[in-house]
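Visitor: coordinates only, sequence not included:
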């Protein structure tokens with residue numbers, strides 16, 4: 001079994017902005033939307049959802065850019081003004097859930113996504129494992145991702 005010590009810590013690339021997550025995340029998934037591909041300069045982005053109450057960060061240290069999403073929502077994208085490292089996404093209207101850019105965690109050894117979203121725009125060479133959740137666009141409900149995560153990570157976070 002995997003054992004992950006809380007709090008989870010993370011930072012931007014230059015370490016000017018640091019953060020702590022004090023409780024187990026809600027879920028972890030890969031997003032293949034064209035914006036995540038562009039933002040990550042890769043084939044997909046990894047998003048780790050956490051409750052805002054469980055995230056400690058000095059928001060005044062961060063720069064923010066708001067953009068429309070492929071699903072028609074608005075997304076606040078928080079990043080370090082020094083190195084430009086993207087750290088968090090917050091959807092307008094759902095500010096209680098924060099999407100932590102999973103590659104910014106100090107310890108990434110426990111990252112095991114439970115699914116993939118926006119797979120309709122995934123790069124053709126990316127193979128989505130059949131045993132993971134697979135949603136072609138924006139999921140209407142993240143409950144299956146959260147339930148799968150809770151089952152997969154039971155007992156991990158101590």
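Guide: Now that the structure is in, tell me what you want to look at. Computed from a predicted model, the values in this text were never measured in an experiment. Numbers count the residues shown, from 1 in each chain.
Visitor: Can you list the buried residues in stretch 146-155?
Guide: Buried residues in stretch 146-155, counted by 16 or more other CB atoms under 10 Å: 146, 148-149, 153. No exception for glycine: its C-beta is placed from N, CA and C like everyone else's.
Visitor: One more: stretch 77-85?
Guide: Per 16+ other CB under 10 Å, stretch 77-85 contains these buried residues: 77-80, 85.
Visitor: For residue 78, give the beta-bridge partners.
Guide: residue 64, residue 88 (DSSP bridges).
Visitor: Which one of the buried residues of stretch 77-85 is nearest to residue 139?
Guide: Ranked by distance to residue 139 (CB to CB), the buried residues of stretch 77-85 are led by residue 77 at 19.6 Å.
Visitor: can you pull the contacts of the residue nearest to the closest one when sequence neighbours are not counted?
Guide: Leaving aside its chain neighbours, residue 77 sits nearest to residue 65 (4.9 Å; criterion: CB to CB, 6 or more residues apart in numbering). Contacts for residue 65 (CB atoms under 8 Å, 6 or more residues apart in numbering) come out as 76-77, 79.
Visitor: Quick check: the gap between residue 65 and residue 125.
Guide: Distance from residue 65 to residue 125, counting by CB to CB, to the nearest Å: 29 Å.
Visitor: Under the pLDDT cut-off, which ranges of this protein? List them.
Guide: 70 (pLDDT under 70).
Visitor: before we move on, the earlier item: possible to save the buried residues of stretch 146-155 as TSV with secondary structure?
Guide: Output for the buried residues of stretch 146-155, formatted as TSV (DSSP: H, G, I helix; E, B strand; the rest coil):
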residue	secondary structure
146	helix
148	helix
149	helix
153	helix
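Visitor: from the residues you listed, which is closest to residue 24?
Guide: Nearest to residue 24 out of the buried residues of stretch 146-155 is residue 153 (CB to CB; 6.7 Å).
Visitor: Any idea how many residues pack against the closest residue to the closest one other than its chain neighbours?
Guide: Setting aside the residues directly before and after it, residue 153 is nearest to residue 24 in space (CB to CB, 6+ apart), at 6.7 Å. Counted by other CB atoms under 10 Å, the residues lying close to residue 24 total 19.
Visitor: before we move on, the earlier item: now the contacts of residue 65 as TSV including distance to residue 99?
Guide: Output for the contacts of residue 65, formatted as TSV (distance: CB to CB, whole Å):
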residue	distance to residue 99
76	10
77	10
79	13
